[in-house]
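[1] With the sequence up front, the predicted model follows.
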Amino acid sequence: MAGAASAQVPKEQLLVPPADAQKFKLVSAAGEHGSAAVWRLADGSFAVRESMNLRGQIFEQDEVIHSGANGQPDRIVIRGYTPSGDSAETFAITNGTARWTSPIDKGEAKYDGKAQYSSFGGPFAANAYAVEAIMKAPGRQIALLPGGVARLEKLVDVAVGSGATAKTVTVWTLEGVSTEPVPVVMNADGTFFGFVGGIALLPEAYTGDMLKLQKAQIDALAARNPAFKARFGGVSPVPVAFTHVKLFDAISAKFVDDQTVVADKGKIVAVGAAATVQLPANAKVIDGKGKTLSPGIWDAHMHVGSDLQGLQLLSQGETSARNPGADIQPTVLRNQQIAAGKLLFPTVYSSVLIDGKGPLQAQGGISVSSAEEAVAAVRRAKDNGFTAVKFYTSMKPEWLWAGIKEAKKLGLHVHGHIPATLRATDVIAGGYDEITHINFVMMQALPDSVVNISNGIERFNGPGKYAKDVDLNAEPMKSLIKLMAAKQTVVDPTISVFESLYVPENGDLSPSYAPYVGTLPPAVERGFRAGGFQPPAGVTRADWRASFAKLVALVKALHDAGVPIVAGTDGGGLEIVRELELYVQAGFTPGEALQTATIVPARLVGADKTTGSVTVGKEADLVLVDGDASKDIGAMRRTLWVMSDGALMNADELRKAAGFAGRPK
């Protein structure tokens, strides 16, 4: 980050917390990732200093919040840097007008004395000020600038600490600022205690309570699940006929005109020309003229935030998914809810993430520091019902080989990042079934100076600098592509991730999210303009865009050679159709692109006998969309009806329940 940080306030010039500041740690199930401190300045301003190293992505920030006479912020200053560059953000109220400037936008509005500015960026710990203000507001609700409303709802009390530190805290859900409720933990006096998500921010004395708090809030949120399951999740009591549809045949990658599909009791019972399929007398008939019927969509690489994410995923037509690098406790608890028939959720195949212990370790999963610990982590994955293990970039080779050997012995799928010092040919020879992220395939042709430290920020900076100059038809890529085709090594490109990292400047609207503008809370939509990472010194945005184009070309070259491609996003559910659009831009036919999100991932997890195509006898996992996906793959966003294991769900009603204000464009 030395080059990236040069244009902004350097770490050495950020605030230094006093000895009596309240100290926090940023932790996950894998270990510690950073620290934060909160204190009051001499003028009463609220001050925060936070440092985080997230797998080599460096965040060094501070924030000062000054309160006006009404108790609301009248001046905010954020300084420092993140992987996206300068964090500088300011807010001030002058003569009744609120004005703000952030890395992505600037604006102003008449100030009514009540609304509270919601910053675009800044330290996690600065949210302490915001939630404490909401706790004091009438009805625990407050209007936000630039827009939206935030509110707190009580969730559950939890006993934490022991002995002198023992006390009871309360988990609340912060609503209106995300696509899902955000749990925040408050002390009995209404002051901020911390929060627990994929990464937790907790007082130093209470980091050992992370898993306890996590389970308590998951269990409490689960109380909402049965109502959604009862409303949407029942198998249709009568046969359902989708008539006169354009049908996507996932086996042949062809679209077939004027077809009728009948589902009954959770299974597909008839598929054929509309003129010949006889409809059951009591069938619910859905007219499919001008519409496309596809197998339910898969996101082969998405991360589950909470149980309530199931509504959003299903509303997108996603009936199956893979969650690579899942935290063990939330995944096990979620699977218990699904098995008990209480949770409405796509079928999810999860991997345990295993990484080498140290400052660059991945959040979540299991961190190991020996071959023996790697073997034990693999066994733990198997014992907890996981179907795969995902190895990460800080694994030492000797730990990796031992872990792979054990995974193969236990029948687990092996995939992941490629650890530093290794290339694709090394991990394929060592037993990888799949390589996660297209940058690690490209790493085969990059210099040792990148590969040897690819467990840090160089896994992004290196491909961004060098990929544009790689000849895919020459060595070493020529032999690698041939090897991967021969071995049928699967690739999960997540090319939409690299579009978001390499292409946009701060303030640009991400193509992945543009169709959803106007349907989600303002705070969420503001994040759609977050921009990409900042290129390091000596590299331009144009260089990165050229390298992104070469990564797209690599996806096409792999596909043309016969390497299995599965569509994954490394996202939360909204990005899957953008991934398919990029495949079509690369030169896939719409049918070939849609295969990567239907039958190919089904084959990968061994579920293709029961799902992944519209075939008589298979499970009724279907999605009906408005438009002709054979001409416009973007039509796959315009979901109308979704069927998952025979449960027929109206996509508009699912969207509303998930918090969307309308259909995507």
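    Okay, I see it.

[2] Can you read off the pLDDT for the residue nearest the centre of the chain?
    By C-alpha atoms, centre = their mean, the mean C-alpha position of the chain lies nearest to Gly571, the distance being 2.8 Å. For Gly571, the pLDDT comes out at 91.

[3] Next: Met1.
    In this model, Met1 carries a pLDDT of 27.

[4] And for Ala4?
    At Ala4, pLDDT is 35.

[5] So the nearest residue to Gly507 once chain neighbours are set aside: helix, strand or coil?
    With sequence-adjacent residues excluded and distances taken as C-beta to C-beta, 6 or more residues apart in numbering, Gly507 is closest to Ile104, at 4.5 Å. From N, CA and C alone the C-beta is placed, and that goes for glycine too. Per DSSP: H, G, I helix; E, B strand; the rest coil, the local secondary structure of Ile104 is coil.

[6] how would you label the nearest residue to Ala424 once chain neighbours are set aside: helix, strand or coil?
    Nearest residue to Ala424, sequence neighbours excluded (C-beta to C-beta, 6+ apart): Gln444, at 4.8 Å. State at Gln444, reduced to three classes by three-state DSSP: helix.

[7] hey, which helix or strand in this structure has the poorest pLDDT?
    Least confident helix or strand, the chain: helix 2-5 with a mean of 34, by mean pLDDT, DSSP states H and E.

[8] Extract the CA atoms of the helix or strand just after that helix and return them as CSV.
    For helix 2-5, the succeeding helix or strand toward the C-terminus, using DSSP states H and E, is strand 22-28. Taking Å, rounded to 0.1, in the frame of the first residue of the first chain, the C-alpha atoms of strand 22-28 are listed here in CSV:
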residue,chain,number,x,y,z
GLN,A,22,-11.5,2.3,25.0
LYS,A,23,-9.8,-0.6,23.1
PHE,A,24,-11.4,-3.0,20.6
LYS,A,25,-10.2,-5.9,18.6
LEU,A,26,-11.3,-6.9,15.1
VAL,A,27,-11.6,-10.7,15.2
SER,A,28,-13.2,-13.7,13.4
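
[9] wait, what's in contact with the closest residue to Arg334 other than its chain neighbours?
    Leaving aside its sequence neighbours, Arg334 sits nearest to Asp307 (C-beta to C-beta, 6+ apart; 6.0 Å). For Asp307, the contacting residues are Ile218, Leu221, Ala222, Arg224, Asn225, Arg334, Gln337, Leu343, Phe345, by C-beta atoms under 8 Å, 6 or more residues apart in numbering.

[10] what does Val27 give?
    Val27 touches His33, Ile199, Ala200, Leu202, Thr207, Met210, counting by C-beta under 8 Å, 6+ apart.

[11] burial measure for the residue nearest to Gly507, as a count.
    Counted by other C-beta atoms under 10 Å, the residues lying close to Ile104 total 21.

[12] Same question for Glu372.
    Residues near Glu372, counting by other C-beta under 10 Å: 11.

[13] That one and Ala340, how far apart?
    Glu372 sits at a distance of 36 Å from Ala340 (criterion: C-beta to C-beta, to the nearest Å).

[14] And Phe193, by the same measure?
    Counting by C-beta to C-beta - Phe193 and Ala340 are separated by 31 Å.

[15] Which one of these two is surrounded by more residues?
    A direct count of neighbours by other C-beta under 10 Å for Phe193 and Ala340 places Phe193 higher, at 24 against 12.

[16] any idea which element the more buried one lies in?
    strand 192-196.

[17] Identify the residues contacting the residue nearest to Gly507.
    Phe120, Asn506, Gly507, Arg526, Arg529, Ala530, Gly531.

[18] pLDDT score assigned to it?
    Note on Ile104: pLDDT of 95.

[19] how close does it sit to Ala420?
    Ile104 is 32 Å from Ala420, by C-beta to C-beta.

[20] again with Val271
    When C-beta to C-beta is the yardstick, Val271 and Ala420 sit 49 Å from each other.

[21] same thing with Leu353?
    According to C-beta to C-beta, Leu353 stands 16 Å off from Ala420.

[22] Of those two, give the one with the bigger neighbour count.
    The neighbour comparison of Leu353 against Ala420 (other C-beta under 10 Å) goes to Leu353, with 27 against 23.

[23] Doesn't that one belong to a strand?
    Yes: assessed with three-state DSSP, Leu353 lies in a strand.

[24] ok, Thr611 touching Pro295?
    Yes: taking contacts as C-beta atoms under 8 Å, Thr611 lies within contact range of Pro295: 7.0 Å.

[25] Please identify every residue contacting each of these two.
    Shared contacts of Thr611 and Pro295, defined by C-beta under 8 Å, 6+ apart, are found at Asp621.

[26] picking that back up, can you tell me which of the contacts of Ile104 comes closest to Val177?
    Using C-beta to C-beta, Arg526 is the member of the contacts of Ile104 that lies nearest Val177, at 10.1 Å.

[27] Can you tell me, leaving aside adjacent residues, what's nearest to that closest one?
    Phe120 (6.1 Å).

[28] Leaving out sequence neighbours, find the closest residue to Glu132.
    Nearest to Glu132 is Phe192, by C-beta to C-beta, 6+ apart, at 5.6 Å.

[29] wait, I meant Tyr466
    Leu446 (5.2 Å).

[30] pLDDT averaged over stretch 597-610 - what is it?
    98.

[31] Any buried residues in it, and which?
    For stretch 597-610, the neighbour count (16 or more other C-beta atoms under 10 Å) marks Ala597, Thr598, Ile599, Val600, Pro601, Ala602, Arg603, Leu604, Val605, Ala607, Asp608 as buried.

[32] And stretch 134-151, by the same measure?
    Ile134, Met135, Ala137, Arg140, Ile142, Leu144, Leu145, Pro146, Gly148, Ala150, Arg151.

[33] ditto for stretch 164-178
    Buried residues in stretch 164-178 (16+ other C-beta under 10 Å): Val169, Thr170, Val171, Trp172, Thr173, Leu174, Glu175, Gly176, Val177, Ser178.

[34] now swap in stretch 506-521 and tell me
    Within stretch 506-521, the residues scored as buried using 16+ other C-beta under 10 Å are Asn506, Asp508, Ser510, Pro511, Ser512, Tyr513, Pro515, Tyr516, Thr519, Leu520, Pro521.
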